[in-house]
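Enquirer: What would the 3D arrangement of this be:
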Amino acid sequence: MHRRGTSSGVTPGSMWRLGIKHVDSRHILGQNAVSSRVNADYTRIRGYFWNWVLWKDLEPLVSYEILDSSVEQYMEFIYAHGWPSYRAFKIVDALVHQNPLLGSKFARSRRAARGLRSLHTTEHHTPVPLDVTWAIAVVLARIGKTTESIAILLAFHCYLRIGEVTNLEKQNVVLQGDSRMGRGSRSSITLSSTKTGPDQFVLVKNNMIEELLKRAIELSDDAVFVFGDMTVRSLRAAFKEGQRLIGLSSTEFYNFHGLRGGGCGNDVFREIYTLPEVQLRGRWISLKSFQIYSRRCRAMLAKDGLPRGDAALVMLLTTFSPWLVFGGDVFEEGGRHEL
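Expert: Here you go, the predicted structure:
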């Protein structure tokens, strides 16, 4: 039998020899070849792999061949046990990013990844239609969850991810007439941290959404965040509650991320914005990925129809004018159609 380290087969010496675990902080350029978010993802993905190696008590990784074989076994394990496939898809890139010399050493692992991709079915988040979005907002506002209602409408209009909504800071909201932007500027929100990088922005081009955003700021007692102490968990729970109240069963529930696809698909389908404008609003860096995403959202909206669940209740709720729901005289009849 081979000799193992004090706690596992992954000995510090073997990881040092392969240059896997050790990161030289002087290699600033190499580490910044990808965004900080991707760096964090790679660190997490490598952590999953090393924890698995420790758990399986594999033989010491004293050669590239053994490492390649271990990564292949890891992918097989992920597939067999139904673990999230992204852990397998990203592990090779995560290891190579830390040690570029490993780039040509993963023949078996890359073959396994191709096999996993052929067996993997991607689950796309069904876009939430405009009328369903509005109906959910209506029922939540009428039971006193005004802040959650506004957050949902803002996510639809600005194609926001759920974390971007809950982390939106008051200082990053620029309303019309703000001295920072000058007269005549449109309202906008700045997103400090996004999937595609820091300091992204999106214009708030709808008057109703702008007024609701002002209302959210007024309602918030928090000195920092627009939506106060709202968390990803609480907002997701409110979104599910709204769907239940409009008659959807749990098997029909939309994912919150479907608001992003719904807003994008709606604006493309109804030609509210040009494709370059939609890409800019959605903060897609790759034109190719945006084209695929927007075409799929538009096709899924056309295919799914409107809406799921209790169609009669949804259509009734979408006839409510905004001022009946949120109060005040700042809205006009039919404002929902301009989301």
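
Enquirer: quick one: contacts for the residue nearest to Trp284 when sequence neighbours are not counted?
Expert: Nearest non-adjacent residue to Trp284, counting by Cβ to Cβ, 6 or more residues apart in numbering: Phe290, 3.7 Å away. Every residue, glycine included, has its C-beta placed from N, CA and C. If you count contacts by Cβ atoms under 8 Å, 6 or more residues apart in numbering, Phe290 has them with Leu275, Val278, Gln279, Gly282, Trp284.

Enquirer: From the centroid of this protein, which residue is nearest?
Expert: Arg161 (4.8 Å; Cα atoms, centre = their mean).

Enquirer: what pLDDT does Ile150 get?
Expert: Looking at Ile150, its pLDDT is 93.

Enquirer: Leu235 and Gly163: what is the separation?
Expert: To Gly163, Leu235 is 10 Å away according to Cβ to Cβ, to the nearest Å.

Enquirer: and those two? which has more neighbours close in?
Expert: Using other Cβ atoms under 10 Å as the criterion, Leu235 and Gly163 rank with Leu235 on top: 22 against 15.

Enquirer: The stretch 51-200 of the chain: strands as residue ranges?
Expert: 173-174, 187-194, 197-204 (DSSP state E, counting those that start in this stretch).

Enquirer: Point out where the stretch 151-300 of the chain drops to low pLDDT.
Expert: The stretch 151-300 of the chain contains residues with pLDDT under 70 at 177-185, 196-197, 298, 300.

Enquirer: ok, now with 80
Expert: Within the stretch 151-300 of the chain, the ranges that satisfy pLDDT under 80 run 176-186, 192-200, 269-270, 282, 285-300.

Enquirer: where exactly do the helices run in it?
Expert: 162-166, 207-219, 232-245, 258-269, 275-282, 287-304 (DSSP state H, counting those that start in this stretch).

Enquirer: just checking, what packs against the second one?
Expert: Helices and strands in packing contact with helix 207-219 are listed as helix 146-158, strand 187-194, helix 322-326; criterion 3 or more Cβ pairs under 8 Å, 6 or more residues apart in numbering; DSSP states H and E.

Enquirer: The ones you listed: which one's closest to Arg111?
Expert: Across the helices and strands packed on helix 207-219, Arg111 has its closest neighbour in strand 187-194 (34.0 Å, Cβ to Cβ).

Enquirer: Parallel or antiparallel, list what pairs with that closest one.
Expert: strand 173-174 (antiparallel), strand 197-204 (antiparallel) (DSSP bridges).

Enquirer: Tabulate those strands in JSON lines, adding columns for distance to Phe239.
Expert: Listed next are the strands paired with strand 187-194 as JSON lines, based on distance: least, Cβ to Cβ, whole Å:
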{"stretch": "strand 173-174", "distance to Phe239": "22"}
{"stretch": "strand 197-204", "distance to Phe239": "20"}
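
Enquirer: Tell me which of the ones you listed sits most buried.
Expert: Looking across the strands paired with strand 187-194 with neighbours counted as mean count of other Cβ atoms under 10 Å, the highest average goes to strand 173-174: a mean of 19.

Enquirer: That one: how far from the chain's middle?
Expert: Here strand 173-174 is found 22 Å from its chain centre; the criterion is Cα atoms, centre = their mean, to the nearest Å.

Enquirer: mind putting the helices and strands packed on helix 207-219 in CSV, distance to Ile136 included?
Expert: Formatted as CSV, the helices and strands packed on helix 207-219 follow (distance: least, Cβ to Cβ, whole Å):
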stretch, distance to Ile136
helix 146-158, 6
strand 187-194, 21
helix 322-326, 12
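
Enquirer: and of the strands paired with strand 187-194, who's closest to Ala88?
Expert: Closest of the strands paired with strand 187-194 to Ala88 is strand 197-204, at 25.6 Å (criterion: Cβ to Cβ).

Enquirer: how far is the closest one from where the chain is centred?
Expert: 14 Å.

Enquirer: same check, this time on stretch 205-218
Expert: With Cα atoms, centre = their mean, you get 23 Å for stretch 205-218.
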